[in-house]
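Visitor: Give me a model of this one.
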Amino acid sequence: MKALVVNAEWRPKKNYSIGEEEILKKRAIIGSQVWKNTTFEIKDIPTPNPNSDEILIKVKSCGICGSDTHLYETDEEGYIIFSGLTKLPCIIGHEFSGIVEKAGSNVREFKKGDKVAVESIMWCGRCQSCRSGFPNQCKYIELMGLSADGAFAEYVTVSERYCWKINDLMHVYPEEDVFDIGALIEPVGCAYNGIFVVGGGFNPGAIVVVYGTGPIGLGAVALSRIAGASQIIAFDVIDERVKIAKDMGADHVFNINKLDGWSPADKVVELTKGGGADIQVEAAGAANKTIPEMERSMAINGKIIYLGRAATSATMHLDTLVSGASKIIGARGHSGYGIFPSIIKLIAAGKLNLGKMITARYPFESVLDAIKASSKRSDAKILVKM
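Guide: Here you go, the predicted structure:
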């Protein structure tokens, strides 16, 4: 089969304190501190055979995530930008859907022909975090498409524990569209986890502000709309993404670079008549710029949900949290808590409409062009059709 394989040089930065296990496994905890000079190559490799608890999936649609873009982009020294767990070489791609081609002998819930979407957080189920109900914080976590082989390939094998049927989406979409929408469940799941699981949700009528209207931010907009937000305000620095946020349910959208002397915090305070935002979602990966704005525009008992992964620090006056009984909450992943099945049910019921997030589709033979296009950040979600 054909697959997109990414490789790089293992060359830890001099100021990076690398652990013994990282060296032993050639598996970087912070990829941006270790991997240099990446190469991307479509290769012919053997089709995998599923183990007894795995299913073989024929991949149909796979989205390009910001983490994929951050493997492609490098800093001035040639190191990848992605700051998370990384092991190379690796078949990248982790936002995907497909058809079950073959099921292992111990697989119980899936059969040949089922349409599936797949979690990319590969939790072990045995460590204390998993057994305590925190699969996204698994001690032995692997990230599909980053530290374990992913789905920019004709076929992929996956443990059935990470897979969810999307057959019911056939009630609202034609078959080809089912796979495209199915590939969006993973990034939207990150927004769901952040707002409703880790963040504890919000009361209908709350005011929600979203910084960064890439796929996760757009998912936050769409989910907040159907959850009863009275007002949704979205910020980005790219006109195309700002427009999509409006199309997906935001009431007010702004390009931060075109605020004519206003700051985002000023806009939020104005639009909320001084009350501030109940929920603020950081999906931009620019905490050093966004957190100070959020701090200045928080409602009493407000929450900041931090989703935008970046190896950076941000300054905040903690008295704001004390005096306002407010919170800042970090969230990773989309596994557990009924997140995938809840999103699938919302889509199948026609209540969660994600199609406007898709702004470009590429055939697999043009996957490198698709990744290059993603670095322009003018698209919302780019899909690669297998």
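
Visitor: Relative to residue 357, how far out is residue 61?
Guide: 13 Å (CB to CB, to the nearest Å). Where C-beta positions appear, they are placed from N, C-alpha and C, glycine not excepted.

Visitor: Tell me the helices and strands packed up against the lowest-mean-pLDDT helix or strand in the chain.
Guide: In the chain, the helix or strand scored least confidently by mean pLDDT, DSSP states H and E is helix 319-324, which has a mean of 87. Helix 319-324 sits against strand 298-306, with contacts defined as 3 or more CB pairs under 8 Å, 6 or more residues apart in numbering; DSSP states H and E.

Visitor: Which residues in the least confident helix or strand of the chain does the neighbour count mark as buried?
Guide: Buried positions in helix 319-324, judged by neighbour count with 16 or more other CB atoms under 10 Å: residue 321.

Visitor: got a list of what the spatially most central residue of the chain touches?
Guide: Per CA atoms, centre = their mean, the C-alpha nearest to the average position across the chain is that of residue 187, at 3.7 Å. Residues near residue 187 by CB atoms under 8 Å, 6 or more residues apart in numbering: 63, 65, 95, 215-216, 219, 334, 381.

Visitor: Check the gap between the nearest residue to it once chain neighbours are set aside and residue 50 for me.
Guide: Spatial nearest neighbour of residue 187, chain neighbours left out: residue 215 (4.2 Å); criterion: CB to CB, 6 or more residues apart in numbering. Look at residue 215 and residue 50: by CB to CB, they are 29 Å apart.

Visitor: who's more crowded, those two?
Guide: More crowded of residue 215 and residue 50, by other CB atoms under 10 Å: residue 215, with 29 against 22.

Visitor: And the next helix or strand past the host helix or strand of residue 8?
Guide: Assigned by DSSP states H and E, residue 8 falls within strand 2-10. Following strand 2-10 in sequence order, the next helix or strand is helix 20-25 (DSSP H and E).

Visitor: other SSEs contacting whichever helix or strand comes after that next one?
Guide: Once helix 20-25 ends, the next helix or strand along the chain (criterion: DSSP H and E) is strand 35-44. Contacts defined by 3+ CB pairs under 8 Å, 6+ apart place strand 35-44 against strand 2-10, helix 66-72, helix 367-374.

Visitor: Turn these into TSV, including mean neighbour count.
Guide: Supplementary listing: those in TSV, determined by neighbours: other CB atoms under 10 Å:
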stretch	mean neighbour count
strand 2-10	19
helix 66-72	23
helix 367-374	19
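
Visitor: Compare the ones you listed and give me the one nearest residue 341.
Guide: For residue 341, the closest of these is helix 66-72, at 24.2 Å, according to CB to CB.

Visitor: Quick check: mean pLDDT of that closest one?
Guide: The average of the pLDDT scores along helix 66-72 is 93.

Visitor: Same question for stretch 151-167.
Guide: For stretch 151-167, mean pLDDT rounds to 98.

Visitor: Secondary structure class of residue 329, three-state.
Guide: Secondary structure for residue 329, judged by DSSP: H, G, I helix; E, B strand; the rest coil, is strand.

Visitor: Then residue 150?
Guide: Classified using three-state DSSP, residue 150 is coil.

Visitor: for the closest residue to residue 183 other than its chain neighbours, what are its contacts?
Guide: Once flanking residues are discounted, residue 183 sits nearest to residue 61: 4.2 Å by CB to CB, 6+ apart. Shown in contact with residue 61 (CB under 8 Å, 6+ apart): 96-98, 179-180, 182-183, 383-386.

Visitor: If you count neighbours, what's buried in the helix or strand that contains residue 243?
Guide: Residue 243 is part of helix 239-247 when elements are defined by DSSP H and E. Residues of helix 239-247 classed as buried by neighbour count (16+ other CB under 10 Å): 241-246.

Visitor: what's the average pLDDT for the strand holding residue 8?
Guide: Averaged across strand 2-10, the pLDDT comes to 98.

Visitor: Next: stretch 193-213.
Guide: Averaged across stretch 193-213, pLDDT comes to 97.

Visitor: Also stretch 46-55?
Guide: Per-residue scores along stretch 46-55 average to 97.

Visitor: measure that stretch end to end?
Guide: Stretch 46-55 stretches 16 Å from its first residue to its last (CA to CA, to the nearest Å).

Visitor: Distance from that stretch to the middle of the chain?
Guide: Remark: stretch 46-55 is offset 26 Å from the chain centroid, using CA atoms, centre = their mean, to the nearest Å.

Visitor: what do you get for stretch 31-46?
Guide: Its chain's C-alpha centre and that of stretch 31-46 lie 20 Å apart, by CA atoms, centre = their mean.

Visitor: about what we covered before: looking at the contacts of residue 187, which one is closest to residue 256?
Guide: residue 216 (17.5 Å).

Visitor: what about the closest one, is that helix, strand or coil?
Guide: The three-state assignment at residue 216 reads helix, by three-state DSSP.

Visitor: quick one, what contacts residue 113?
Guide: 99-100.

Visitor: again, 10 Å this time
Guide: Applying CB atoms under 10 Å, 6 or more residues apart in numbering, we find residue 113 in contact with 99-101, 167.

Visitor: All the helices of the protein, residue numbers only.
Guide: Using DSSP state H, the helices found in the chain span residues 20-25, 66-72, 128-131, 175-182, 185-192, 215-226, 239-247, 264-271, 287-295, 319-324, 339-348, 367-374.

Visitor: Quickly, which of those helices bottoms out on average pLDDT?
Guide: helix 319-324 (a mean of 87).

Visitor: residues making contact with that helix?
Guide: By CB under 10 Å, 6+ apart, helix 319-324 touches 276, 294-296, 298-302, 304, 317, 326-328.

Visitor: what's the most distant pair in those residues?
Guide: Across the contacts of helix 319-324, the two members that end up farthest from each other (CB to CB) are 301 and 317, 17.2 Å apart.

Visitor: Okay then, goodbye and thanks.
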